[in-house]
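Asks: Structure here, sequence nowhere to be found:
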């Protein structure tokens, strides 16, 4: 058998890493922000004749959520099969039970992903972070946007829309998008209607199309649908970093790279690849920003250029490499997306589309601040640098006041949008653990940017120590509850397994007593 070479070998590597084949014949449209995405989504929903599949991490109970809810209800009442999946933790505190009742009453089939279960105390770590919309086998959307007014902004109040990116896809890849939805639909639980029943046939399975649609364009892409523990996107990200020879430009909302990926970026930069990373200048998850900043130093020392977005929240998750490959979707560059979540991304191999992505990235960079190592410290010798450390700061010419829209967001609240999200908190916890571990074990030299993290953890540890000394029950009570819960879960499972073992033993014994010939008595 002939072995693949060159581009064929690289294509084989991508296929195996992603667990997704390259599908040609698609038409792909780049959608920037809610201004492009929401009208396209609503147009597709309004034109649906047969079915709608809508899956998203968060639906906010606000005017944007109400607009989409009304559009889905109208189509359901017109006889269209409408299926909706939301993530329990993602929507916690954002959408109440009353938000879903009109949808259920109208016949919309609603399912919730991974609500708390007593028998699985740590199952909440797995989240459905995907964002997709598929309509009638005619058009599909893979995106980073959730459903909420933050993405649209508020011009009257001077609040800029969140920066985000999505794609509209037509062609054979729609079959892969529907298969991804079917996977999440099966893994989710029906939501009960007002009568306590699963109104609207929510228990019905979803059968994706068996035959892919006809070609609609000339773009080749892979639909990468990952599940917890799959690591497909991590493998792809590392593979693209290794394959890039000219440029690798990354945009990420919640960056918290792990050592293997950081090393892949460093190796590419040292090999002459133009590696750039664009991250938010301010985040809706305040605790994550210092954790992201703590990872700048090893990247900058290797030649990676890091930029912070100066506008409102940057929520996009994209990559473009060598003017050839581009990734758009829901996956962040952190351990939660790589390991713990259901994610969905489009890996597009098309020079025309990649050129659009590069233009968009350059436009974003124009509205960002570059982070650099201090020039005076770069001139010092290695010994002085080891003693004093190399800190990070913004270039003097880039030290601008916080934009008015950001000040306005802080003054006016938007509290719901700043609430923690479980999967991203897990990513932050991982980096926090690595920083604290390094401080305690001296496994690596800490960056000066990590001083705040170490100090915060030190103060918290001191307060906890004081509480344990003065009020031992403060520490003992939560630990006792957790241990008792784990004990009950394990005992219940052990009892169930024992009963199953006894049942199998009895069945085996009956089988052994059954004579081979019905006419002969048993031995």
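Replies: Now that the structure is in, tell me what you want to look at. In this text, all values refer to a predicted model and were calculated from it rather than measured experimentally.

Asks: Burial check on residue 359, number of neighbours?
Replies: Other residues near residue 359 come to 12 when the count uses other C-beta atoms under 10 Å. Any C-beta I mention is one placed from the backbone N, CA and C, and that applies to glycine too.

Asks: Reduced to three states, what does it come out as?
Replies: State at residue 359, reduced to three classes by DSSP: H, G, I helix; E, B strand; the rest coil: helix.

Asks: From residue 320, how far off is it?
Replies: Look at residue 359 and residue 320: by C-beta to C-beta, to the nearest Å, they are 10 Å apart.

Asks: now swap in residue 267 and tell me
Replies: 19 Å.

Asks: how near is the closest residue to residue 189 other than its chain neighbours to residue 85?
Replies: Nearest in space to residue 189, with sequence neighbours left out and distances taken as C-beta to C-beta, 6 or more residues apart in numbering, is residue 112 at 5.6 Å. Per C-beta to C-beta, residue 112 is found 8 Å from residue 85.

Asks: Overlap of the contact sets of those two?
Replies: residue 188 (C-beta atoms under 8 Å, 6 or more residues apart in numbering).

Asks: higher neighbour count, these two?
Replies: Taking neighbours as other C-beta under 10 Å, residue 112 and residue 85 compare with residue 85 leading, 25 against 18.

Asks: which helices and strands does whichever strand or helix holds the more buried one pack with?
Replies: Assessed by DSSP states H and E, residue 85 sits inside strand 81-87. Secondary-structure packing of strand 81-87 (3 or more C-beta pairs under 8 Å, 6 or more residues apart in numbering; DSSP states H and E): strand 51-56, helix 63-77, strand 109-113, strand 127-128, helix 174-187.

Asks: What's the first helix or strand after that strand?
Replies: Counting by DSSP H and E, what follows strand 81-87 is helix 88-91.

Asks: Could you list the domains of this protein?
Replies: For the chain, the domain assignment from automatic domain parsing gives the residue ranges 17-368, 471-516.

Asks: ok, back up a step: I'd like the distance from the residue nearest to residue 189 to residue 333, if you could.
Replies: For residue 112, the distance to residue 333 - C-beta to C-beta - is 28 Å.

Asks: Same check on residue 237?
Replies: Taking C-beta to C-beta, one finds residue 237 at 7 Å from residue 333.

Asks: Between the two, which contacts overlap?
Replies: With C-beta under 8 Å, 6+ apart as the test, residue 237 and residue 333 both reach residue 261.

Asks: more neighbours, the two?
Replies: Shown here are residue 237 and residue 333; by other C-beta under 10 Å, residue 333 has more neighbours (28 against 25).

Asks: Do I have it right that the more buried one meets residue 234?
Replies: No - Residue 333 is beyond contact range of residue 234, at 9.1 Å (criterion: C-beta atoms under 8 Å).

Asks: shared neighbours, these two?
Replies: Residues touching both residue 333 and residue 234 (C-beta under 8 Å, 6+ apart) are residue 261.

Asks: Confidence-wise, which of the domains of the chain is weakest overall?
Replies: Sorting the domains of the chain by mean pLDDT places domain 471-516 lowest, at a mean of 73.

Asks: now that one: how far from the chain's centre is it?
Replies: Domain 471-516 sits 34 Å away from the centroid of its parent chain (C-alpha atoms, centre = their mean, to the nearest Å).

Asks: roughly how far apart are the residue lying closest to residue 67 once chain neighbours are set aside and residue 74?
Replies: Once flanking residues are discounted, residue 67 sits nearest to residue 42: 7.3 Å by C-beta to C-beta, 6+ apart. Distance, residue 42 to residue 74, by C-beta to C-beta: 11 Å.

Asks: packing partners for the longest helix seen in the chain?
Replies: The single longest helix within the chain, with elements called by DSSP state H, is helix 472-513. Packing contacts for helix 472-513, counted by 3+ C-beta pairs under 8 Å, 6+ apart, involve helix 451-470.

Asks: did I read that right, residue 323 in a helix?
Replies: No - using three-state DSSP, the secondary structure at residue 323 is coil, not a helix.

Asks: List the residues that contact the residue lying closest to it once chain neighbours are set aside.
Replies: Of all residues not flanking residue 323 in the chain, residue 354 sits nearest, at 4.9 Å (C-beta to C-beta, 6+ apart). By C-beta under 8 Å, 6+ apart, the residues touching residue 354 are 320-326, 348.

Asks: Distance of the residue nearest the centre of the chain relative to residue 318?
Replies: Central residue of the chain (C-alpha atoms, centre = their mean): residue 331, 3.9 Å from the mean position. Distance, residue 331 to residue 318, using C-beta to C-beta: 10 Å.

Asks: Residue 298 now?
Replies: Residue 298 sits 22 Å away from residue 318, going by C-beta to C-beta.

Asks: Which of the two has more residues huddled nearby?
Replies: Higher neighbour count among residue 298 and residue 318: residue 318, with 26 against 18, using other C-beta under 10 Å.

Asks: for the residue lying closest to that one once chain neighbours are set aside, which residues make a bridge with it?
Replies: The shortest distance from residue 318 to any non-neighbouring residue, by C-beta to C-beta, 6+ apart, is to residue 251 (4.7 Å). On the basis of DSSP bridges, residue 251 is bridged to residue 278, residue 318.

Asks: List the residues that contact residue 251.
Replies: 165, 278-279, 314, 316-319, 361, 364.

Asks: and of those residues, the nearest to residue 80?
Replies: For the contacts of residue 251, the closest approach to residue 80 (C-beta to C-beta) belongs to residue 165, at 27.9 Å.

Asks: That closest one: what's it in contact with?
Replies: 30-33, 143-144, 251, 316-318, 328, 360.

Asks: rerun at 6 Å
Replies: 144, 316, 318, 328 (C-beta atoms under 6 Å, 6 or more residues apart in numbering).
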